[in-house]
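Undergrad: Quick one, what's the 3D model for this:
(chains A, B, C and D)
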Protein chains: 2
Amino acid sequence: MNMPDQDAVPSSTPDPREPIDEREPLPGWPPRDILAPFVLLAVSMERAHGYVIEDYLRALGLFGITMSTLYRTLRQMEKDGFLESTWEPGPTGPARRVYTITDAGHTWLESSATMLNAYRQTIDRFFGLYGAGPGASRNQPTEPTDEKETQR
Amino acid sequence: MNMPDQDAVPSSTPDPREPIDEREPLPGWPPRDILAPFVLLAVSMERAHGYVIEDYLRALGLFGITMSTLYRTLRQMEKDGFLESTWEPGPTGPARRVYTITDAGHTWLESSATMLNAYRQTIDRFFGLYGAGPGASRNQPTEPTDEKETQR
DNA sequence: CGACTCTAGGTGCAGTATGCACATAGCATG
DNA sequence: CATGCTATGTGCATACTGCACCTAGAGTCG
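TA: Below you'll find the predicted structure:
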């Protein structure tokens, strides 16, 4: 109750919300191109074509991904230089495009892991507040108090 | 899933990947409308207008959200019946649109929490495989084996 | 008062990500 | 060779987001 009505400080204050920390690129939010890290992880485990990668995705919990989305993501990551592909015949059926991860792909996978970790922490903060229940923030907004309440 | 070259079973097999579990709505992936749960959580803590909600978002780790995105999300959630709003004068400056969460909003917040939790588990599985390193999945796909390998 | 600035909210347009429906093409089997 | 399956790809529509820009009230100062 006390916080929302004293947020808009008098105009004499030099605007506390612009020059602080939202200028940093800050990986982790919003989650952009969130499918790619999982695809890249799959290919990093072993050379794989579309259906094998789909199996990895489902093993990771991504059930809702359609093949069209997966194929387009793969082509895009190849254009970006994170994957390479060759046509190889399978034991049955038409040839498959088999993908291999590149050095750039490994590098990008590492930064993706950093992003996903930051994203995970954001979700953890959600549950920190969510578990606190309504009004809990009026006294102790869990832990994010440090740089927010003080600066306004 | 462990042997990539024998995944495409002979055509006599009734195709293991279509009629199984991807038909369930399965919250948790892909992360759709991922900003809304955080906004809704903020409003559930206390009645709030745009800038206050922005502060909550930043406290939760969402630094990159622009006000235009936030305002549009708020209007959309009001149209969806999760929020209500009234115009109220502030201590200074023009009036603000102050949002309140509705019963439907509370319900939806709960299911959002379920979705976010599933999403978090997916990220955990990512790190389970990622830590295992290349080739690790050929033997023991770490831990996502439990409820996946058995049901195929 | 009139110009200016700040606050609060909103819109137009473009880019990206995705799903659904559909298309292409090779292989297999009768 | 007709049909069906495997494997990949495309067209179109939709959703979400950022960036640039707009509207409008409130306060300040000459």
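Undergrad: Could you list the low-confidence segments of chain A?
TA: A:1-29, A:133-152 (pLDDT under 70).
Undergrad: So which bits of the helix ranked longest in chain A are buried?
TA: Longest helix in chain A, counting residues (DSSP state H): helix A:103-132. Within helix A:103-132, the residues that count as buried by 16 or more other Cβ atoms under 10 Å in any protein chain shown are A:105, A:108-109, A:112-113, A:115-116, A:119-120, A:122-123, A:125-126, A:129-130. The C-beta positions use only the backbone N, C-alpha and C, and glycine is treated the same way.
Undergrad: Would you check that residue A:40 makes contact with residue A:102?
TA: No - using Cβ atoms under 8 Å, residue A:40 makes no contact with residue A:102, being 10.0 Å away.
Undergrad: Overlap of the contact sets of those two?
TA: A:82, A:83 (Cβ atoms under 8 Å, 6 or more residues apart in numbering or on different chains).
Undergrad: Who has more neighbours out of these two?
TA: residue A:40 (24 against 17; other Cβ atoms under 10 Å in any protein chain shown).
Undergrad: now the helices for chain A?
TA: Ranges of helices in chain A, per DSSP H, are A:35-45, A:50-60, A:67-79, A:103-132.
Undergrad: Pull the residues that contact the first one.
TA: Put plainly, it is helix A:35-45. By Cβ under 8 Å, 6+ apart, helix A:35-45 touches A:48, A:52-53, A:56-57, A:60, A:62, A:65, A:69-70, A:73-74, A:76-77, A:82-83, A:99-101, A:105-106, A:108-109, A:112-113, A:115-116, B:30, B:126, B:129-130, B:134-138.
Undergrad: Can you confirm whether it lies near DNA strand D?
TA: No - judged by Cβ under 7 Å from any atom of the strand, helix A:35-45 makes no contact with DNA strand D; its nearest approach is 11.9 Å.
Undergrad: mind listing what's buried in that helix?
TA: Judged by neighbour count using 16+ other Cβ under 10 Å, the buried positions of helix A:35-45 are A:35, A:36, A:37, A:38, A:39, A:40, A:41, A:42, A:43, A:44, A:45.
Undergrad: and chain A, which of its residues are near DNA strand D?
TA: So chain A meets DNA strand D at A:10-11, A:30, A:49-51, A:67-68, A:71-72, A:74-75, A:90, A:92-94, A:96-98 (Cβ under 7 Å from any atom of the strand).
Undergrad: let's see it at 10 Å
TA: Selection of chain A residues close to DNA strand D by Cβ under 10 Å from any atom of the strand yields A:10-12, A:22, A:29-32, A:48-54, A:66-75, A:78, A:85, A:87-99.
Undergrad: Filter those residues down to the buried ones, PyMOL style.
TA: Applying 16+ other Cβ under 10 Å to the residues of chain A next to DNA strand D, the buried members can be selected in PyMOL as follows:
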select buried, chain A and resi 29+31+48+49+52+53+54+70+73+74+78+85+90+96+98+99
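Undergrad: Would you mind trimming the residues of chain A next to DNA strand D to those in range of DNA strand C?
TA: A:10-12, A:31-32, A:66-73, A:87, A:89-95.
Undergrad: Which residues does residue A:98 form beta bridges with?
TA: Note on residue A:98: beta-bridge partners by DSSP bridges are residue A:86.
Undergrad: residues touching it, list them.
TA: A:47, A:48, A:49, A:85, A:86, A:87, A:88.
Undergrad: repeat for residue A:81
TA: Counted by Cβ under 8 Å, 6+ apart, residue A:81 has contacts A:102, A:104, A:105.
Undergrad: The last one contacts residue A:85, doesn't it?
TA: No - Residue A:105 is beyond contact range of residue A:85, at 11.9 Å (criterion: Cβ under 8 Å).
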